[in-house]
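Chemist: got a sequence here, can you model it:
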Amino acid sequence: MDAAARVLAERGYEGASTNRIAQAAGVGIGSLYQYFPNKDAIVVMVLDRFADRLADRLDAQIEATMAEPWPVAGRALLDAQIRLLEEDAGLLRVMVEQAPRLGPFDKSLALQRRLTDLVRVYLLLNHEEFREDLDVEAALWILAEAVGMLSIRYVLDRPPISHERMVDELAELIIGYLRA
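Modeler: Here you go, the predicted structure:
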């Protein structure tokens, strides 16, 4: 799986043949096919592991900052999310480009649900700090989509914006949306 992740990150989906993956893993192609019927099965497994790593590290960040004021905690989570995506930009690109073709990833959906549930709890527990007319369910969807898409596009497109500036601007966008 580590070899497959490296090949996918370096060469992308199209350049990651089963032969290259087997060679990088130091195994014969026949051995690879004993465990995986095709390249897509390998890609799904690699992307599931990628989603698991993201979930574990974001969960740890949320736990570490839950007691902080919401603008501080939110900014720290944004910073962590973008840094994690930057660390595995090659796999992120494969996920974004191939996920529609390969179908939904259970781990990716589970990650999104976990993060949404944690943000829901945080919004409900701190509702007095947010605007009165805040519809929590609508806000959750808007925040998840805005933060997710902007973070992904930032990492993949590499606009001329520093990491710190991106985090600051995204945090201001969210704070402005939620602020009472």
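Chemist: tell me which strands and helices the longest helix that the chain contains is in contact with?
Modeler: Of all segments of type helix in the chain, defined using DSSP state H, the longest is helix 39-65. Applying 3 or more Cβ pairs under 8 Å, 6 or more residues apart in numbering; DSSP states H and E, one finds that helix 39-65 contacts helix 2-15, helix 18-25, helix 70-87, helix 89-102, helix 106-125. From N, CA and C alone the C-beta is placed, and that goes for glycine too.
Chemist: and with 7 Å instead?
Modeler: Under the contact criterion of 3 or more Cβ pairs under 7 Å, 6 or more residues apart in numbering; DSSP states H and E, the helices and strands touching helix 39-65 comprise helix 2-15, helix 70-87, helix 89-102, helix 106-125.
Chemist: how about these in a markdown table, adding distance to residue 156?
Modeler: Compiled in a markdown table, the helices and strands packed on helix 39-65 are given as follows (distance: least, Cβ to Cβ, whole Å):
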| stretch | distance to residue 156 |
| --- | --- |
| helix 2-15 | 12 |
| helix 70-87 | 9 |
| helix 89-102 | 6 |
| helix 106-125 | 16 |
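Chemist: reformat the ones you listed as a markdown table; add mean pLDDT and distance to residue 174.
Modeler: Putting the helices and strands packed on helix 39-65 into a markdown table (pLDDT from 0 to 100; distance: least, Cβ to Cβ, whole Å) gives the following:
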| stretch | mean pLDDT | distance to residue 174 |
| --- | --- | --- |
| helix 2-15 | 94 | 29 |
| helix 70-87 | 90 | 6 |
| helix 89-102 | 86 | 21 |
| helix 106-125 | 79 | 10 |
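Chemist: give the buried residues for the longest helix of the chain.
Modeler: Of the residues in helix 39-65, those scored as buried under the neighbour-count criterion (16 or more other Cβ atoms under 10 Å) are 39, 42-51, 53-55, 58, 61-62, 65.
Chemist: how about stretch 2-17?
Modeler: For stretch 2-17, the buried set under the neighbour-count rule, 16+ other Cβ under 10 Å, comprises 3-9, 11, 13, 16.
Chemist: quick check: the farthest pair among these?
Modeler: 3 and 13 (15.4 Å; Cβ to Cβ).
Chemist: helix/strand/coil for the most far-flung residue of the chain relative to its centre?
Modeler: Within the chain, the residue lying farthest from the chain centre (Cα atoms, centre = their mean) is residue 30, at 32.9 Å. At residue 30 the chain is in helix, as set by DSSP: H, G, I helix; E, B strand; the rest coil.
Chemist: I'd like the distance between it and residue 3.
Modeler: In this structure, residue 30 and residue 3 are 16 Å apart, going by Cβ to Cβ, to the nearest Å.
Chemist: and for residue 152?
Modeler: When Cβ to Cβ is applied, the distance between residue 152 and residue 3 equals 25 Å.
Chemist: is residue 68 in a helix, a strand, or coil?
Modeler: Residue 68 carries the three-state label coil when classified by three-state DSSP.
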